[in-house]
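Peer 1: Here's my sequence, what's the structure:
(chains A, B, C and D)
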Protein chains: 2
Amino acid sequence: MSTVYEVADRAGVSTATVSRVIHGSNLVRPDTRERVLAVIEELGYVPDGSAQGLSRRRKDIIGLAALERGTTEVGIEKTSPLFMDELVHAVESVLRGTECSLLLTFGPAGEPFQRRIRSLSGKVDGLLVAEEVMPPGQLRSLARRIPVVAIAGRRDETELDVVAVDNTAGMRALAAHLIEDHGYRRLGFLAGPADSPDARERLEAFRQAVAGHPGCVLAPVLEGDFSEASGAAAARTLLALRPAPEVVACANDQMAIGVLLQFQGSGVAIPGDMAVTGFDDIYASRVVAPQLTTVGQPFRELGHRAAQRLRARIEDRELPQHTEILPTRCAIRASCGCPAPGSR
Amino acid sequence: MSTVYEVADRAGVSTATVSRVIHGSNLVRPDTRERVLAVIEELGYVPDGSAQGLSRRRKDIIGLAALERGTTEVGIEKTSPLFMDELVHAVESVLRGTECSLLLTFGPAGEPFQRRIRSLSGKVDGLLVAEEVMPPGQLRSLARRIPVVAIAGRRDETELDVVAVDNTAGMRALAAHLIEDHGYRRLGFLAGPADSPDARERLEAFRQAVAGHPGCVLAPVLEGDFSEASGAAAARTLLALRPAPEVVACANDQMAIGVLLQFQGSGVAIPGDMAVTGFDDIYASRVVAPQLTTVGQPFRELGHRAAQRLRARIEDRELPQHTEILPTRCAIRASCGCPAPGSR
DNA sequence: TTGTATGCGTTATCAC
DNA sequence: GTGATAACGCATACAA
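Peer 2: Below is the predicted model of the structure:
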């Protein structure tokens, strides 16, 4: 593996000049540049990232740490966090235009994963942290060491930047649609894991919306882990329940899809016998039949903002703390009981 | 940001000892270790990855470069490469058990992306390269600089490791099912982009299978770009075609889903009026109605093998070149005309 | 316009 | 057991 020294040697210049050529400095004579470039080409030289990082005190790498839910618990390959995938692409697409690269790590909540994130923090200039991968205290201590932006974390954070979506408004709008437009009175809810701030917000918003409409009752409230399998399990519970709710709102799309497919498999018509809704608006939600009514998260925007904020903070660590809440958008489709559009 | 020096100072030891403690060497007295550990904890010290990388001559980072198809061409957010997402998780899950992290980069085929990969090669110990992100010659020159494993690339590679799936067997089995079990005689095919080795193999296998059955005709053969939108576009073409094929086999699931939804939106019953099949077996294919008949790729296995092979080659760069073809598995579901299973 | 010399934070090879 | 000290490959301040 060749180094600046070799390049410098062969080109008959100093390493400083090589460095200048590489970084496109214009304080170098055209013919010198040509010579150096030729040698670089010939040797297939690529600067070593570690050395650059050490010298320039910046690695041009940012990390993304996210929870992987319910992947290895039950079977071997349950379903991956589609939500995260969308986010990853959004973040990556921001970085694409820059020198920066994306270091990815997933893991189940817990002590080992937290340790991994800590050690990973030595390899990056900043960290995007999704959901609640670690307790607030630890997260803050991490944020003191290195720039951190929380995605979809606690909104009440005062020591680090957070970018999140407006779960409350979205869920409230959805509930209003179910109650006011469809006239549902008995509403069930399939909540997400209690350790997810998003999950808690969604449940709370739905609860309040129902409470705000006299005559409406919220029952039952089940809990899943955001996986499709947990949705299917909830559906089986619901199947045995009397009286059954008219609609079951789910805290994310994957669970909603699990509910939907399990119901259909058991001969329950959706939305005829029971309406179902989700949250997130992942790709698959547009693909199931009936198409899922859900609340759209601005993934792209979420990833963009978080990445940009992190880059800004890496530039200037004294930036004032900032919390940004992005709007959500109700996506009314067919699973709530609305007529399916003529063509998709 | 604290360094080994600070830790050494405060603990009243040398940097060498700190390093020993960090790496769990047992040539250090227990009480010394305790003292050092306490300081590390107090300072929140985490070793700098660049410095480590420079000194140890290994960065403990591997890269994954993949094509992002049809993302920004037409609209803003078309559909992301679901196939890749599955792969990413598979690779990441291997690395999770190690010290190694995953550096991710996506991009559209082309010169700029190739440059990005080159510069990225300075930040990693090895590279996983999916599909044909760069011309063979360039790929080989890259592989001379740094360990490279190609995923789903050309099978005829002799200078670098490749891990791929058996497109031919899978597609052949699927074709046999369509022709022999269902008795279809007029078969259409929606091919993938010509620059994808997988796409070419799948088309070729299907073509041969049809040719091997007298009386069967392959028509039409359309070409898409692996995106759902291109599937929908193909469906519109097919709609206007006389005679129409009895079945249209697609080179991947996303296109098949595009075809399926577009047909259904136009009042064509699937599989009643026309059968549709895919390839990959992504999450969404189990979620559409009717469930998609497709050929399953062993994503998990693909990612595992590729990651392990790369790690092995990083350890020993003299390893003999190796090409590994993983088996595919026909997933017969309902979109081909088979009866839907009672429950999903 | 170009070269010299030093520092970046670790690890590892020696001595002690 | 522990401590100096020399790499590691690059960037840059300062000279020339």
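Peer 1: Check which helices and strands the helix or strand hosting A:Ala232 sits against.
Peer 2: Here A:Ala232, judged by DSSP states H and E, is contained in helix A:228-239. Contacts defined by 3 or more C-beta pairs under 8 Å, 6 or more residues apart in numbering or on different chains; DSSP states H and E place helix A:228-239 against strand A:186-191, strand A:217-223, strand A:247-250, helix A:253-265. Every residue, glycine included, has its C-beta placed from N, CA and C.
Peer 1: Quick one: mean pLDDT for stretch A:31-40?
Peer 2: Stretch A:31-40 comes out with an average pLDDT of 96.
Peer 1: The helices and strands packed on helix A:228-239: which one's closest to DNA strand C?
Peer 2: Closest to DNA strand C of the helices and strands packed on helix A:228-239 is helix A:253-265 (C-beta to the nearest atom of the strand; 40.5 Å).
Peer 1: Kindly format the C-alpha coordinates of that closest one as PDB.
Peer 2: These are the backbone C-alpha positions of helix A:253-265, laid out as PDB (Å, rounded to 0.1, in the frame of the first residue of the first chain):
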ATOM      1  CA  ASP A 253     -47.600  -0.200  10.200                       C
ATOM      2  CA  GLN A 254     -45.900  -3.500  10.700                       C
ATOM      3  CA  MET A 255     -48.100  -4.400  13.500                       C
ATOM      4  CA  ALA A 256     -51.100  -3.200  11.600                       C
ATOM      5  CA  ILE A 257     -50.100  -5.400   8.700                       C
ATOM      6  CA  GLY A 258     -49.800  -8.300  11.100                       C
ATOM      7  CA  VAL A 259     -53.300  -7.600  12.400                       C
ATOM      8  CA  LEU A 260     -54.700  -7.200   9.000                       C
ATOM      9  CA  LEU A 261     -53.300 -10.400   7.500                       C
ATOM     10  CA  GLN A 262     -54.100 -12.500  10.600                       C
ATOM     11  CA  PHE A 263     -57.700 -11.200  10.500                       C
ATOM     12  CA  GLN A 264     -58.000 -11.900   6.800                       C
ATOM     13  CA  GLY A 265     -56.600 -15.300   7.300                       C
END
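Peer 1: That helix: what's the following helix or strand?
Peer 2: Downstream of helix A:253-265 (by DSSP H and E), the next one is strand A:275-277.
Peer 1: That following strand - contacts with which helices or strands?
Peer 2: Applying 3+ C-beta pairs under 8 Å, 6+ apart, we find strand A:275-277 packed against strand A:247-250, helix A:253-265.
Peer 1: how distant is the next helix or strand after it from the center of its chain?
Peer 2: The helix or strand immediately downstream of strand A:275-277 is strand A:294-296, counting by DSSP H and E. How far strand A:294-296 lies from its chain's middle: 15 Å, per C-alpha atoms, centre = their mean, to the nearest Å.
Peer 1: Check which helices and strands the next helix or strand after strand A:294-296 sits against.
Peer 2: Per DSSP H and E, the first helix or strand lying C-terminal to strand A:294-296 is helix A:299-315. Under the contact definition 3+ C-beta pairs under 8 Å, 6+ apart, helix A:299-315 sits against strand A:61-67, helix A:82-95, strand A:126-130, strand A:148-151, strand A:161-165, strand A:323-326.
Peer 1: sorry, back to before: mean confidence for the helix holding A:Ala232?
Peer 2: The model assigns helix A:228-239 a mean pLDDT of 96.
Peer 1: how about it: buried residues?
Peer 2: By neighbour count on 16 or more other C-beta atoms under 10 Å in any protein chain shown, the buried set for helix A:228-239 is A:228-235, A:238.
Peer 1: Going by the annotation, which residue ranges form each domain of chain A?
Peer 2: Per the record, chain A has its domains at A:4-47, A:61-166+A:298-327, A:167-296+A:330-343, by automatic domain parsing.
Peer 1: weakest of those domains by average pLDDT?
Peer 2: Looking at these, the lowest mean pLDDT belongs to domain A:61-166+A:298-327 (a mean of 89).
Peer 1: Could you give the separation of that domain from the chain centroid?
Peer 2: Relative to its chain's centre, domain A:61-166+A:298-327 lies at 8 Å (C-alpha atoms, centre = their mean).
Peer 1: so who does A:Arg333 touch?
Peer 2: A:286, A:290-294, A:340-341 (C-beta atoms under 8 Å, 6 or more residues apart in numbering or on different chains).
Peer 1: before we move on, back to that, want to throw the domains of chain A into CSV with distance to DNA strand C?
Peer 2: Formatted as CSV, the domains of chain A follow (distance: least, C-beta to the nearest atom of the strand, whole Å):
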stretch, distance to DNA strand C
domain A:4-47, 3
domain A:61-166+A:298-327, 7
domain A:167-296+A:330-343, 32
